[in-house]
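K.L.:
give me the fold of what follows.
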Amino acid sequence: MLRKAYVPGAAALLVALLAGCTGGSPGDDQADNANPGGTGTAEPAAQPGKYRTLPEACGAVPHGTLDSLLPGIKQIMDVDQRDKAYEGQATLTYDTDRKTGCRWKVESADATDHLHVDFERVVSYDNTVSDDSQAESVFAAKQAAAGLPEPTATGSSGANSGAGGTPSSSSSSTSSPSSASSGVPPAGLQPGTLSDLGDEAFLDDSLGSSGSTVQQRTVTVAFRTSNVIVTIEYMEQPASVGTVPDSEEMQGRARELAERLADSLSG
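P.N.:
Okay, the predicted model is just below:
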């Protein structure tokens with residue numbers, strides 16, 4: 001009587017070969033599930049911004065610049081009061097590495113001038129968004145809130161100019177007819193973007209009323225350098241009824257300060 005041969009070693013080898021043909025080990029499956037892309041590399045974190053600290057705002061504007069922006073400061077006879085006027089008043093902030101600001105207010109025989117300088121350091125808390133990209137978004141919202149008019153073709157100077165010529169800041173400059181009569185900035189001095197200041201910038205110029213007769217002008221210059229946004233607000237309220245502050249003079253002073261601050265950041 002013939003009997004079937006039974007070879008345990010051959011059977012075990014056959015099972016192992018069949019298992020190898022049907023797929024990898026359980027560990028391979030787990031690795032594939034944990035890394036569906038199969039590359040095994042993580043996305044690099046977004047780059048931090050250039051600036052990690054901010055300047056002290058009240059010390060960022062030199063005395064000579066304050067003399068130009070606030071003419072009444074040199075008319076203060078008391079030395080202690082004049083020194084206090086130069087010092088300005090720091091705006092309230094809870095983190096000077098993220099936001100600093102300073103305000104000045106000086107009266108003269110002709111007008112009351114206000115100046116506010118603000119520094120903001122933007123930080124992204126999203127690892128996929130850089131500080132600079134976040135600052136771009138913040139600045140875009142700020143510019144949109146200003147409600148600037150649509151860009152128009154201009155000459156070689158003015159807010160909308162690619163050349164970005166700075167208006168004269170001489171205190172003896174003569175108001176143009178349109179500026180003196182209606183308060184509307186003349187051609188070339190209309191609010192708009194600036195192409196020669198920081199990474200991006202804009203200028204706004206608005207005329208409001210204080211009471212029933214006196215008109216006050218506010219010139220705002222804002223710019224972004226990397227992840228820092230700087231805003232300058234310069235306001236003048238004349239002492240005489242019917243007097244309108246001059247756009248060219250105020251814009252020139254505000255832009256000169258902005259350029260000085262931009263240079264100090266990049267230095």
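K.L.:
grab the longest helix from the protein for me.
P.N.:
helix 247-266 (DSSP state H).
K.L.:
buried sites along that one?
P.N.:
By 16 or more other Cβ atoms under 10 Å, the buried positions in helix 247-266 come out as 247-259, 261-262, 265. Glycine gets a C-beta too; all of them are placed from N, C-alpha and C.
K.L.:
over stretch 245-255, what's the mean pLDDT, rounded is fine.
P.N.:
Predicted confidence along stretch 245-255 averages 95 (mean pLDDT).
K.L.:
I misspoke; the intended subject was stretch 108-119.
P.N.:
For stretch 108-119, the per-residue pLDDT averages 95.
K.L.:
can you check stretch 221-230 too?
P.N.:
Here the average pLDDT along stretch 221-230 is 97.
K.L.:
which residues of the stretch 1-150 of the chain fall in helices?
P.N.:
Counting by DSSP state H, counting those that start in this stretch, the stretch 1-150 of the chain has these helices, from start to end: 8-22, 26-34, 63-69, 79-87, 131-146.
K.L.:
residues of the shortest one that come out buried?
P.N.:
In other words, helix 63-69. 65-66, 68-69.
K.L.:
look up how far R217 lies from E248.
P.N.:
Using Cβ to Cβ, to the nearest Å, E248 is found at 11 Å from R217.
K.L.:
whoops, I mixed them up, Y234
P.N.:
From Y234 to R217 the distance is 9 Å (Cβ to Cβ).
K.L.:
need the overlap of contacts for these two.
P.N.:
M250 (Cβ atoms under 8 Å, 6 or more residues apart in numbering).
K.L.:
circling back to that earlier point, check the buried residues of helix 63-69 and tell me the two furthest apart.
P.N.:
L66 and S68 (7.3 Å; Cβ to Cβ).
K.L.:
what about the stretch 101-250 of the chain, any weak spots by pLDDT?
P.N.:
151-187, 209-212 (pLDDT under 70).
K.L.:
where exactly do the strands run in it?
P.N.:
Per DSSP state E, counting those that start in this stretch, the stretch 101-250 of the chain carries strands over the ranges 111-121, 192-194, 200-210, 214-225, 228-238.
K.L.:
other SSEs contacting the third one?
P.N.:
Meaning strand 200-210. helix 131-146, strand 192-194, strand 214-225, helix 247-266 (3 or more Cβ pairs under 8 Å, 6 or more residues apart in numbering; DSSP states H and E).
K.L.:
so how far is L115 from the nearest residue to A258 once chain neighbours are set aside?
P.N.:
Spatial nearest neighbour of A258, chain neighbours left out: V221 (4.4 Å); criterion: Cβ to Cβ, 6 or more residues apart in numbering. Using Cβ to Cβ, we find V221 at a distance of 11 Å from L115.
K.L.:
turn the strands of the stretch 101-250 of the chain into a markdown table, including distance to Y86.
P.N.:
Formatted as a markdown table, those follow (distance: least, Cβ to Cβ, whole Å):
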| stretch | distance to Y86 |
| --- | --- |
| strand 111-121 | 12 |
| strand 192-194 | 28 |
| strand 200-210 | 25 |
| strand 214-225 | 21 |
| strand 228-238 | 16 |
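K.L.:
need those in a markdown table (columns: mean neighbour count and distance to V129).
P.N.:
Shown next, in a markdown table, are those (neighbours: other Cβ atoms under 10 Å; distance: least, Cβ to Cβ, whole Å):
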| stretch | mean neighbour count | distance to V129 |
| --- | --- | --- |
| strand 111-121 | 21 | 15 |
| strand 192-194 | 20 | 24 |
| strand 200-210 | 18 | 18 |
| strand 214-225 | 22 | 16 |
| strand 228-238 | 22 | 16 |
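K.L.:
I appreciate the help and will end here.
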